[in-house]
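Quick one: sequence plus predicted model below, questions after.
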Amino acid sequence: MRTTVEDVRDVLRQEIAERYQPGDLLPNERDLAERFDVSRNTIRETMIHLEALTIIEKTKRGARVRASDFDLMFNEMTPFFDTSARSFTDVLNFRRINETGAAPLMVCHVTAPQIDAIRAANHEMGAALTAAEAAAADYAFHQRLVEAAGNSLLTHMYQVLAVPLKYYLEVGKSQKLNTQTAVAQHDRIITALEARDAPALSTAMAEHFQHSGDVLATWLTAREGGAEPMTLWPVQGQVMEG
């Protein structure tokens, strides 16, 4: 059963998201208590909840809206990342779903300087001397693709996940041939992006993630001693086990 504090908290949380900017002050406790027809103690407890969620901070002038703390978000998500096959698979599919889904936005919003930055990251990946360097450049390539979509939430999510994404990307960089294949696929993505060709971009990205999935499946199978490659993404007519 919901409490009054939870009801007031959710109303204020929504209003802060829609109407306030970082640094704005909220109404004082007395005004909020009168507005919601509750005691000031209820408002104080509500402020404690909002502060715990890092939405506000207390100052001498009152409760002030905070900027989003993405480092804190990453700290909350860290326990979900490990070296299990499931985590590797989930990270790849997270990227596949979000990046291919954002392809039409990339075509609409990408700028010439962004394309230059994406191409530079791909060049750095091809010239990298170590798997870690190649993974960092690969992350930069995909991060800049995401930025080109113009969706701030998606961009922030990739920033939050930078450390685990780079870690998982190293899997495909242990073999030079796999890296060279990825560089060539990136080139096709760039060509489609430059042409503002959404269908071609979606196709190029799908082929790239299929390759990434095949590399990961082979690596996981070898690591875990399996005889047959694992399936990480359903093909037409196939249903994956949960």
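All right, it came through fine. Numbering: from 1, shown residues only.

Report all helices and strands that the longest helix seen in the chain contacts.
Ranked by residue count and defined by DSSP state H, the top helix of the chain is helix 198-223. If contacts are counted by 3 or more Cβ pairs under 8 Å, 6 or more residues apart in numbering; DSSP states H and E, helix 198-223 sits against helix 85-101, helix 103-109, helix 176-194. (Glycine included, C-beta is placed from N, CA and C.)

Show me how far the last one is from its chain's centre.
Right, the one you point to is helix 176-194. 21 Å (Cα atoms, centre = their mean, to the nearest Å).

cool, the second one as well?
Averaging C-alpha coordinates over helix 103-109 and over its chain gives two centres that are 17 Å apart (Cα atoms, centre = their mean).

Report the buried residues of it.
In terms of neighbour count (16 or more other Cβ atoms under 10 Å), helix 103-109 has its buried residues at Ala103, Leu105, Met106, Val107.

The last one: what's it in contact with?
Think Val107. Leu193, Arg196, Asp197, Ala198, Leu201 (Cβ atoms under 8 Å, 6 or more residues apart in numbering).

swap the cut-off to 10 Å and go again
Ala148, Ala149, Ala192, Leu193, Ala195, Arg196, Asp197, Ala198, Pro199, Ala200, Leu201, Ser202 (Cβ atoms under 10 Å, 6 or more residues apart in numbering).

shouldn't Met125 be in contact with Phe141?
Yes. Contact criterion Cβ atoms under 10 Å: Met125 and Phe141 qualify, at 6.4 Å.

State whether Ala63 is indeed within a helix.
No. Using DSSP: H, G, I helix; E, B strand; the rest coil, the assignment for Ala63 is strand, not a helix.

Right, I'll call it a day here.
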